[in-house]
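1. Need coordinates for the below:
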Amino acid sequence: MVVEQSALWPCDGAMTKRRAMDENAPLSSADLATLTTRMTRGDEAAYRTFYELYFHRLLRYLLVLTSGREDAAREALQLTLMRVVRHIRRFDAEEVFWSWLTVLARSSIVDEERKRKRYFGLLDRFVIWTGRGHSGPSRDANDTLLALLEQELALLPPDERALLQQKYFDGLAVKEIASQLQTTEKTIDSRLVRLRRKLKETVLTQLKHEV
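-> Coordinates of the predicted model:
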């Protein structure tokens, strides 16, 4: 469930040289105000400076919150960085800015965990649909199945993906979905059956190639 990084966030390998300053040293009020003001204007150089100063610090913070689960920490970090872009405003005090960043980081962890639980809920249903049962598939097998399921969900047309989102992630009843789409419950049930069959066939085909 990793989201692609924006061009504003170069990967670690692209960074040939770290800033000479200590990344843990707080910025002066004037420097922080200048930096965050430039960020509100979409200044890419300012975002690169922000990245150099806070990327690794935020990652370490998230690693602590996720008990060292690097994948979970990096997923939450990417979401945090995207939220910084959307919600950045001017800050004049580094301690206030860092506190704001940690709030974004913590909420990102919560959202990523909720998303993962929804995916595993769908995975449980999918295991039943495919007739694989719960007689002890390994964690690796579950991870493989989940990855394939996510891949196929991403390839679905937007309307089909939205229908599955409403039913299995948002938990809406068929009656509610039918009302929103101004159609009948029978139509929604039929579409869901077709979608489950479609996912089952494509994922099982992929699984055969994995063996």
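2. could you pull out the helices for the chain?
-> 29-40, 44-65, 70-87, 94-129, 139-155, 158-164, 174-181, 185-210 (DSSP state H).
3. Show the pLDDT at T80.
-> We have a pLDDT of 94 for T80.
4. please begin residue numbering at 13 from this point
-> With the count now opening at 13, the last piece we talked about shows up as T92.
5. Would you agree it is in contact with D123?
-> No. Using Cβ atoms under 8 Å, T92 is not in contact with D123; the gap is 10.0 Å. Placement of C-beta: from N, CA and C, glycine included.
6. What distance do you get for K187 to T199?
-> 12 Å (Cβ to Cβ, to the nearest Å).
7. Run the chain-centre distance for stretch 48-57.
-> Taking Cα atoms, centre = their mean, to the nearest Å, one finds the center of stretch 48-57 at 24 Å from the center of the full chain.
8. no wait, stretch 43-56
-> Distance of stretch 43-56 from its chain centroid, counting by Cα atoms, centre = their mean, is 26 Å.
9. Buried ones in that stretch, by neighbour count?
-> L44, A45, L47, T48, T49, R50, M51 (16 or more other Cβ atoms under 10 Å).
10. ok, back up a step: looking only at neighbour counts, state which of T92 and D123 leads.
-> Neighbour totals were compared for T92 and D123, and T92 leads with 25 against 14 (other Cβ atoms under 10 Å).
11. What residues does the more buried one make contact with?
-> L70, L74, L113, L116, A117, S120 (Cβ atoms under 8 Å, 6 or more residues apart in numbering).
12. The second one contacts A85, correct?
-> Yes. With contact defined as Cβ under 8 Å, L74 reaches A85; the gap is 4.0 Å.
13. hey, what's in contact with both of these two?
-> Shared contacts of L74 and A85, defined by Cβ under 8 Å, 6+ apart, are absent.
14. So this protein: which segments form each domain?
-> Split into domains by automatic domain parsing, the chain comes to 24-126, 142-222.
15. Model confidence for the residue lying farthest from the centre of the chain, exactly?
-> Distance from the C-alpha centroid of the chain, by Cα atoms, centre = their mean, peaks at A42 (33.7 Å). Predicted confidence (pLDDT) at A42: the value is 92.
16. Can you pull out the low-pLDDT segments for this structure?
-> For the chain, the stretches flagged by pLDDT under 70 are 13-37, 127-158, 219-223.
17. could you redo the buried residues of stretch 43-56 as JSON lines and give each row distance to T195?
-> Output for the buried residues of stretch 43-56, formatted as JSON lines (distance: Cβ to Cβ, whole Å):
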{"residue": "L44", "distance to T195": "53"}
{"residue": "A45", "distance to T195": "54"}
{"residue": "L47", "distance to T195": "51"}
{"residue": "T48", "distance to T195": "48"}
{"residue": "T49", "distance to T195": "50"}
{"residue": "R50", "distance to T195": "49"}
{"residue": "M51", "distance to T195": "45"}
